[in-house]
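Visitor: no sequence on this one, just coordinates:
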């Protein structure tokens, strides 16, 4: 029996239409196909502007494709996230599909610890247990304890990035999208994140990642996927 | 421009649950001036819907029609109430509709003066919805009031002060407590952070976010502030000239807007 892919991108095309700039159309990719199985980490390759982040955001349901679909295995059933109703997309993101962006969206006044435990609370984990897990993870990521009760808005780029990573890895999502999660980290912290990623892969998570850092890429990628092969005709 | 950019949806088994609210072909004319035109949507329990658009786009008209304050010219608004099940709210008798509003709904106005009774104490304002529902045990109501005042982070020592002696931000928190104390199924909010300065606004938004998550509240939030919409809403409807021009998942509408007006709206937000 062949294993069902955790992500199946099916004939996906994306064209941006900028109505307020003379209805300019910008084609990004066309008829793109990609399958990611559990335990795989597919790293998107191609130069800047080729549509790596656009593909990632479309898989997350954040961008709307012009045609095609993205099937995410949710509770054992492939669901087309590009056509699912909003509440179902949110449900998929809550339980199945995690996303580590380059930047943390800081919410005023919410402390680091509360930010990190939020995905657990949303999934019904008790506060005590959630805190314990968050503390373990923040310690592993070497974020100073003095920071935990502060909102991360004043943190350095690397510190914010680690809060972001903690928030995404605390849940053990079966499918994870990583958009340059190590961009602003030093070597020691990068190594910690590589370990986290590999541990999640060993547990059967499926991942799609963008990494400009070649060391990190080589340490986690199970294969490369060249987005530019599907470049839309100009 | 009357076409709605409805996101494609596939209906699955989990969608069959009864909606909390079903608005069908809602139209409101003021004389010959259109307030809102042919609006249809559904809401599920626990869902937070943001309605965005510029002044005069019909946001408040829509909110007032749905919340039973303003009878629509045509169309229907069905709400799944505790007492009557899914009913058209304008088919109910006036007393029944008012009772349903008291039992199942909350309405947070932009200006706390519109939502509070300024001549009675803050504590009485918070307790009043319980009295309206027939509660008479003073000690229980006092306890519930104190619980809610602390949930909205108000100084309990000031429970007997009149609303006019509170700051705008505090008044707004009293109004929120007053509208949540009776455990409503749906809360309407009209620019809930409208007149407040940013630091107070941040605190209030954070509080609202927490309450909505903890209580599993369904809410309709009208705002022209895209940051508020992103922070609070699961789903957005963008209005222009009385029409809904675009609707969908909140972050999708904001990050990849499809309609020319939504693109203009999103690109007009100042970055700091």
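Guide: It's in. Bear in mind the structure is a predicted one, so any value in this text is a computation, not a measurement. Residues are numbered from 1 along each chain as shown, chains lettered A, B, ... in the order given.

Visitor: can you count the residues close to the residue nearest to residue A:8 when sequence neighbours are not counted?
Guide: Of all residues not flanking residue A:8 in the chain, residue A:71 sits nearest, at 4.3 Å (Cβ to Cβ, 6 or more residues apart in numbering or on different chains). (Each C-beta comes from the backbone N, C-alpha and C, glycine too.) A count of nearby residues for residue A:71, using other Cβ atoms under 10 Å in any protein chain shown, gives 21.

Visitor: and what of residue B:205?
Guide: The number of residues packed near residue B:205 is 21, by other Cβ under 10 Å.

Visitor: swap in residue B:74?
Guide: Neighbours of residue B:74 (other Cβ under 10 Å): 11.

Visitor: show me what the biggest helix by length in chain A is in contact with.
Guide: Longest helix in chain A, counting residues (DSSP state H): helix A:187-202. Residues outside helix A:187-202 that contact it (Cβ atoms under 8 Å, 6 or more residues apart in numbering or on different chains) are A:39-41, A:140-142, A:158, A:162, A:165, A:169, A:172, A:176, A:178, A:181-182, A:185, A:207, A:209, A:213, A:215-216, A:219-220, A:222.

Visitor: is it true that residue B:216 touches residue B:45?
Guide: Yes: counting by Cβ atoms under 8 Å, residue B:216 touches residue B:45, with 7.2 Å between them.

Visitor: neighbour count: these two, which is higher?
Guide: Legend: neighbour count by other Cβ under 10 Å for residue B:216 and residue B:45, higher for residue B:45 (16 against 10).

Visitor: name the helix or strand for that one, please.
Guide: Secondary structure from DSSP states H and E places residue B:45 outside every helix and strand.

Visitor: ditto for residue B:34
Guide: strand B:33-43.

Visitor: ok, and what's touching stretch B:20-35?
Guide: B:36-45, B:47, B:58, B:61-62, B:65-66, B:70, B:72-80, B:86, B:185-186, B:218, B:241-242.

Visitor: quick one, phi psi at the spatially most central residue of chain B?
Guide: Taking Cα atoms, centre = their mean, the centroid of chain B lies closest to residue B:188, which sits 1.9 Å from it. Dihedral pair for residue B:188: phi -100, psi 140, per degrees, to the nearest 10.

Visitor: that one against residue B:110, yeah?
Guide: No: counting by Cβ under 8 Å, residue B:110 is not a contact partner of residue B:188; they are 11.3 Å apart.

Visitor: any low-confidence regions in chain A?
Guide: A:1-2, A:106, A:108, A:234 (pLDDT under 70).

Visitor: change it to 80
Guide: A:1-3, A:102-109, A:233-234 (pLDDT under 80).

Visitor: and it, which residues reach chain B?
Guide: Selection of chain A residues close to chain B by Cβ under 8 Å from any Cβ of the partner chain yields A:16-20, A:57, A:61-64, A:79-80, A:82-90, A:107-110, A:121-122.

Visitor: and these, which are buried?
Guide: Buried subset of the residues of chain A next to chain B (neighbour count, 16 or more other Cβ atoms under 10 Å in any protein chain shown): A:57, A:61-64, A:79-80, A:82-90, A:107, A:110.

Visitor: in contact with the residue lying farthest from the centre of chain B, which residues?
Guide: For chain B, the largest distance from the centre (Cα atoms, centre = their mean) belongs to residue B:139, which lies 30.1 Å off. Neighbour list for residue B:139: empty [criterion: Cβ under 8 Å, 6+ apart].

Visitor: neighbours of the closest residue to residue A:44 other than its chain neighbours, how many?
Guide: For residue A:44, ignoring the flanking residues on the chain, the nearest one in space by Cβ to Cβ, 6+ apart is residue A:52 at 4.2 Å. Applying other Cβ under 10 Å, we find 26 residues neighbouring residue A:52.

Visitor: would you map the helices across the chain?
Guide: I'll assume chain A. A:52-59, A:86-95, A:112-122, A:127-140, A:157-169, A:187-202, A:214-220.

Visitor: that was the other one, I meant chain B.
Guide: Going by DSSP H, chain B shows helices at B:59-66, B:94-104, B:112-115, B:122-132, B:138-151, B:168-180, B:198-215, B:226-232, B:250-255, B:260-267.
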